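Peer 1: For reference, the sequence and a predicted model appear below.
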Amino acid sequence: MLSSSSVMIVSHHLGREGETGLPYAKVSLYVKFDRLRPEMKQLVTDGEVELRTALKAQDAVTYAGDYDAEKAVDLARNMSKMTNPQREKAQRALEENPSATVAKAVEVAKTAETETEVRLRILPRMLEPLRTYAKDEGTTDTGAAAVKLVTEGLLDKGYLTEDE
């Protein structure tokens, strides 16, 4: 297994298998694991949650640099029992409303509401501002940021009400 210092060296060569001797997928997992906070690493190491679930939970409860460890652990444990679409809904619920409880995010995630997938194509000049907006909103998920912008626009124009 790679040590933390090895991960740092390997991460600089991500994707160049010849330089590290490791396949890209393996290196990518170590780099992702290294992103986790200690309590989230422990959940993954203990086999309680999968790496991707731990990352989603951690990202969902990180707001503009602030992090709530207890909320992250609670969310990760709950997300481990959900389907992928439910996990995404729980993550989005907390990203859109950082003051929401984990219980509320779980409730929202498990509601029978169906989603409709809408593909959005944006101009290249719009991508960096969208990433900046996402970062300002405390997320790295540009899809969640785009959904938030659409929601805010519909609310502002009166096409959507708060209780919908």
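Peer 2: Yep, that arrived.

Peer 1: Give me the spatial nearest neighbour of the spatially most central residue of the chain, chain neighbours excluded.
Peer 2: The residue lying closest to the centre of the chain (CA atoms, centre = their mean) is Lys56, at 3.6 Å. Taking CB to CB, 6 or more residues apart in numbering as the measure, Lys56 lies nearest to Gln91, with 5.0 Å between them; neighbours along the chain are not counted. C-betas here are computed from N, CA, C, even on glycine.

Peer 1: pretty sure that neighbour contacts Ala60?
Peer 2: Yes. Counting by CB atoms under 8 Å, Gln91 sits close enough to Ala60 to count as a contact (4.2 Å).

Peer 1: Of these two, which one has the most company?
Peer 2: In this comparison of Gln91 against Ala60, neighbours counted by other CB atoms under 10 Å, the higher total goes to Ala60 at 29 against 24.

Peer 1: distance of the more buried one from Ala144?
Peer 2: 9 Å (CB to CB, to the nearest Å).

Peer 1: Between those two, which contacts overlap?
Peer 2: By the contact definition CB atoms under 8 Å, 6 or more residues apart in numbering, Ala60 and Ala144 are jointly contacted by 91, 95.

Peer 1: Need the nearest residue in space to Ala54, chain neighbours excluded.
Peer 2: The nearest residue in space to Ala54 (CB to CB, 6+ apart) is Met40, at 4.6 Å.
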